[in-house]
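Chemist: my questions concern the predicted model and sequence given below.
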Amino acid sequence: MPIVQSRVNDSAPALTAILQHVIDPVITVASLFVIAFLYGVPFEKPYVILSIIVFLLSLVVFKEADLCRSWRDGGLRAQSSSLLISWLAMLAILLFIGYATKSSEDFSRRVLLTWFVAVPILILLGHSWARAGLRKFYETEKNTRSVVIAGMSDIGQRLARRIAEDAHLGMSVKGFFDDRATVRLENGAQGDSILGRLENLAPYVQEHKIDQIYIALPMMQEARIIKLLDDLRDTTVSIYFIPDIFFFDLIQARISDVNGVPVVSVCETPFAGARGLLKRLSDVVAAGVILALLSPLLLLIALGVKLSSPGPVLFKQRRYGLDGEEIVVYKFRSMSVCEDGDSIVQASRGDARITRFGAFLRRTSLDELPQFINVLQGRMSVVGPRPHAVAHNETYRKLIKGYMVRHKVRPGITGWAQVNGLRGETETLEKMQARIDYDLDYLRYWSMALDVKIICKTIILVFLDRRAY
């Protein structure tokens, strides 16, 4: 019997899975059609094209915002915030497309403005109705799948708690099977007691018509797992295996396959497939718009750098980019020197190397603006771990565990560490360790909503952070 490998959310009933994938795109497109109809605007070719673009963007943007997560993870307020940020990000992409294609004149302003406001409200209402309907649907036993867990390990009990917390999974844990008679359920785990030893699992499954088994035994117990699978060959139960490798510090852990061979991702970039396309598209749109709007300011800053001190306008430094490859990063020169050797001293408060005009640029982060050119070149991203000088990389990669993992993504102009108080000089190993911890958290939990949140917090910090130098 083959082992079906899946995450809990991926094994949700078909009705839940379908709703989670299509409810937001359908509401977004349907609302555009209805609003156009109410205003008496014909739904012609421009609106049809817009609907197709919106539907495809919604499939990715709203999925990455994880809008279908249970409200217990943050409440309606958190759900609304995530939705609003994602919708604003999508509108920015649509406005850029309209500007670039000069097609914005093909649409009714009243229709678009009403649509912009209505979509977040309608999606929240749609989620509320869908959740209420699903909860009612799964209240009946015939629509709920019965589950038992083989092994009362920590991960097995965690799984039981997660299932109990989310009624929309349509699952009910009946209990555990384990050979350790002294094991007892932790508080919060579903089920009254251990149902028996592993050898009793197959007869119990057949007698009680169990739908799913989750094997939560340590991988080192290979003989017991093989024996258990052999016992279950005479049943029709679905079997899922939870490898205890997920207790390690993983980055973007997931299960996939290579031409039919199952593999477990231990350390992977969050920007694979459609995520990577979405990230790159948002980078190009943001960098293009910013450079176009701020081009007069860029020229003024370049002139100010040239007149304030001798030397080049741009400071170029070698840094590590995606996959640890060496890149050249641009900044407006803010110092009287352009260091890029094997030993580089970080700028500190009151540093004599910083010019008067350079101090202003650094305090307002205007010296970073040329890095939007790096973004268009594909060397950097708008949001990501800040790139360090090559000399610093070679030092800290030997001192901090997991330091180089941050290079699984393109470096950013701003990052999660910077908006959490770790901007500028890292004069101690502890500060650098804290910065790396935030960088790795960014890789673990990336979403478009998180990127927009970081950008908003960066803008606020530029105006309010008095500690910058």
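Modeler: All right, it came through fine. Residues are numbered from 1 along each chain as shown.
Chemist: residue 354: neighbour count?
Modeler: Applying other Cβ atoms under 10 Å, we find 21 residues neighbouring residue 354. For glycine as for every other residue, the C-beta is placed from the backbone atoms N, C-alpha and C.
Chemist: count of neighbours near the residue lying closest to it once chain neighbours are set aside?
Modeler: Nearest non-adjacent residue to residue 354, counting by Cβ to Cβ, 6 or more residues apart in numbering: residue 335, 5.5 Å away. Residues near residue 335, counting by other Cβ under 10 Å, number 20.
Chemist: does residue 335 touch residue 359 like I think?
Modeler: No. In this structure residue 335 lies outside contact range of residue 359 using Cβ atoms under 8 Å: 9.8 Å.
Chemist: buried stuff in the strand or helix carrying residue 61?
Modeler: Assessed by DSSP states H and E, residue 61 sits inside helix 45-64. Buried residues in helix 45-64, counting neighbours by 16 or more other Cβ atoms under 10 Å, are found at 47, 50-51, 54-55, 57-58, 60-64.
Chemist: which of these sits closest to residue 24?
Modeler: The closest of those to residue 24 turns out to be residue 62 (Cβ to Cβ; 4.1 Å).
Chemist: and the average pLDDT for whatever helix or strand residue 431 lives in is what?
Modeler: Using DSSP H and E, residue 431 sits within helix 429-445. For helix 429-445, mean pLDDT is 90.
Chemist: extract the C-alpha trace of that helix and format it as CSV.
Modeler: Extracted in CSV, the C-alpha atoms of helix 429-445 (Å, rounded to 0.1, in the frame of the first residue of the first chain):
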residue,chain,number,x,y,z
LEU,A,429,28.0,39.3,17.3
GLU,A,430,24.7,39.3,19.2
LYS,A,431,23.2,42.0,17.0
MET,A,432,24.2,40.2,13.9
GLN,A,433,22.7,37.0,15.2
ALA,A,434,19.5,38.8,15.9
ARG,A,435,19.5,40.2,12.3
ILE,A,436,20.0,36.8,10.9
ASP,A,437,17.2,35.4,13.0
TYR,A,438,14.8,38.0,11.5
ASP,A,439,16.1,37.2,8.0
LEU,A,440,15.4,33.5,8.4
ASP,A,441,12.0,34.2,9.7
TYR,A,442,11.3,36.3,6.6
LEU,A,443,12.2,33.2,4.5
ARG,A,444,9.9,31.0,6.6
TYR,A,445,6.8,33.1,6.6
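Chemist: where exactly do the helices run in the stretch 1-150 of the chain?
Modeler: Per DSSP state H, counting those that start in this stretch, the stretch 1-150 of the chain carries helices over the ranges 14-38, 45-64, 75-101, 109-137.
Chemist: and the last one, what's buried?
Modeler: It refers to helix 109-137. 111-112, 114-115, 118-120, 122-124, 126-127, 130-131, 134, 137.
Chemist: tell me what it is packed against?
Modeler: helix 14-38, helix 75-101 (3 or more Cβ pairs under 8 Å, 6 or more residues apart in numbering; DSSP states H and E).
Chemist: how far is the helix holding residue 431 from where the chain is centred?
Modeler: How far helix 429-445 lies from its chain's middle: 15 Å, per Cα atoms, centre = their mean, to the nearest Å.
Chemist: how close does residue 456 get to residue 286?
Modeler: Using Cβ to Cβ, to the nearest Å, residue 456 is found at 13 Å from residue 286.
Chemist: least reliable of the helices and strands packed on helix 109-137 going by mean pLDDT?
Modeler: Confidence, taken as mean pLDDT, is least for helix 75-101 of the helices and strands packed on helix 109-137 (a mean of 76).
Chemist: any idea how far that one is from the chain center?
Modeler: Its chain's C-alpha centre and that of helix 75-101 lie 15 Å apart, by Cα atoms, centre = their mean.
Chemist: ok, stretch 356-375 next?
Modeler: Taking Cα atoms, centre = their mean, the mean C-alpha location of stretch 356-375 is offset from the chain mean by 28 Å.
Chemist: just the buried residues of that stretch, please?
Modeler: 357-363, 365-375.
Chemist: out of the residues you listed, list just those in strands.
Modeler: Among those, no member falls in strands (DSSP state E).
Chemist: now, which of these lie within helices?
Modeler: Assigned to helices by DSSP state H, the following of those qualify: 357-363, 371-375.
Chemist: widest-spaced pair of those?
Modeler: Longest span within those, Cβ to Cβ: 359 and 375, 25.3 Å.
Chemist: does residue 275 touch residue 59 like I think?
Modeler: No. Look at residue 275 against residue 59 with Cβ under 8 Å: they stay out of range, at 11.8 Å.
Chemist: so residue 23 sits against residue 130, correct?
Modeler: Yes. Counting by Cβ under 8 Å, residue 130 is a contact partner of residue 23 at 5.9 Å.
Chemist: residues in contact with the closest residue to residue 272 other than its chain neighbours?
Modeler: Computed as Cβ to Cβ, 6+ apart, the closest residue to residue 272 that is not its neighbour in sequence is residue 252, at 8.0 Å. By Cβ atoms under 8 Å, 6 or more residues apart in numbering, the contact set of residue 252 is 265, 267-270, 272, 443-444.
Chemist: determine which two of the residues you listed are furthest apart.
Modeler: The distance between the two most remote of the contacts of residue 252 (Cβ to Cβ) is 14.2 Å, for 272 and 444.
Chemist: check which helix or strand covers residue 423.
Modeler: For residue 423, there is no helix or strand it lies in under DSSP H and E.
Chemist: could you measure it against residue 376, distance?
Modeler: For residue 423, the distance to residue 376 - Cβ to Cβ - is 24 Å.
Chemist: pick out whichever of those two has more residues nearby.
Modeler: Neighbours per residue (other Cβ under 10 Å) separate residue 423 from residue 376, with residue 423 holding more: 20 against 13.
Chemist: for residue 191, give me the pLDDT.
Modeler: 44.
Chemist: what mean pLDDT does stretch 304-312 have?
Modeler: Mean pLDDT, stretch 304-312: 86.
Chemist: so for that stretch, what gets flagged as buried?
Modeler: 304-305, 308.
Chemist: pLDDT below threshold where in the stretch 51-200 of the chain?
Modeler: Low-confidence segments of the stretch 51-200 of the chain, defined by pLDDT under 70: 63-79, 134-143, 167-168, 181-193.
Chemist: before we move on, what about the stretch 301-450 of the chain?
Modeler: Across the stretch 301-450 of the chain, residues meeting the criterion (pLDDT under 70) sit at 336-352, 424-426.
Chemist: all helices for it, in order.
Modeler: Along the stretch 301-450 of the chain, counting by DSSP H, counting those that start in this stretch, helices occupy 356-364, 371-377, 390-396, 429-445, 448-464.
Chemist: nearest to residue 234, out of these?
Modeler: Using Cβ to Cβ and comparing the helices of the stretch 301-450 of the chain, the one that lies nearest residue 234 is helix 429-445, at 41.0 Å.
Chemist: what's the closest one in contact with?
Modeler: 251-252, 269-270, 384-386, 396, 399-400, 402-403, 405-406, 408-409, 415-417, 420, 422, 426, 450.
Chemist: one more: stretch 288-297?
Modeler: Applying Cβ under 8 Å, 6+ apart, the contact partners of stretch 288-297 are 96, 298, 366, 369, 372-373, 376.
Chemist: closest to residue 231 out of the helices of the stretch 1-150 of the chain?
Modeler: helix 14-38 (28.9 Å).
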